[in-house]
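sequence and predicted structure, then a few things I'm wondering about:
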Amino acid sequence: MTTRVAFELRIAPERIEEYVARHSPVWPEMLAEIAAAGRRNYSLFLGEGGRLFGYYETDDDVAAQAYLAASPVAARWEAEMAEFFVGLDGRPDQAATALTEIFHLHDQLRAAPAPSSAPDPESDPS
């Protein structure tokens, strides 16, 4: 079963340009570690004032977190990235603030009853 994970971090406003540059591109060995951890469909979005929103999908987030926590490549990457964040206690990949999903279109469409095929009384010409 796929788990969708979203998180938020804050980048120091004066460091935003450098943070973006460091992700253009990310080290190939770090990309490989993210994939090996089982994370996919991973995206980062930057908002005003350094607000960073991340999203990924995984089949086992606990295992993905553990894999990256033990990865020497991820440890080096996260050590370099830690200096960009405000109010963070620990490695960014391990200490980001998790967000609670409250809506997912596909899940609700799948669970919704089929639309009624009854004619609209407002459109009946009689």
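Thanks, I have the structure now.

burial measure for Asp61, as a count.
17 (other CB atoms under 10 Å). (Each C-beta comes from the backbone N, C-alpha and C, glycine too.)

tell me which residues touch it, please.
3, 5 (CB atoms under 8 Å, 6 or more residues apart in numbering).

surely Pro13 is in contact with Gly47?
No - Pro13 is beyond contact range of Gly47, at 11.4 Å (criterion: CB atoms under 8 Å).

pLDDT weak spots in this structure?
Counting by pLDDT under 70, the chain shows low-confidence ranges at 117-126.

would you map the helices across it?
16-22, 28-36, 61-70, 72-82, 92-95, 105-111 (DSSP state H).

helices or strands up against the last one?
In other words, helix 105-111. Using 3 or more CB pairs under 8 Å, 6 or more residues apart in numbering; DSSP states H and E as the contact test, no helix or strand touches helix 105-111.

swap in the fifth one?
Helix 92-95 sits against helix 61-70, helix 72-82, with contacts defined as 3+ CB pairs under 8 Å, 6+ apart.

can you name the residues bridging to the most centrally placed residue in the chain?
Nearest residue to the geometric centre of the chain (CA atoms, centre = their mean): Tyr55, 1.3 Å. Beta-bridge partners for Tyr55, by DSSP bridges, are Ala6, Ser43.
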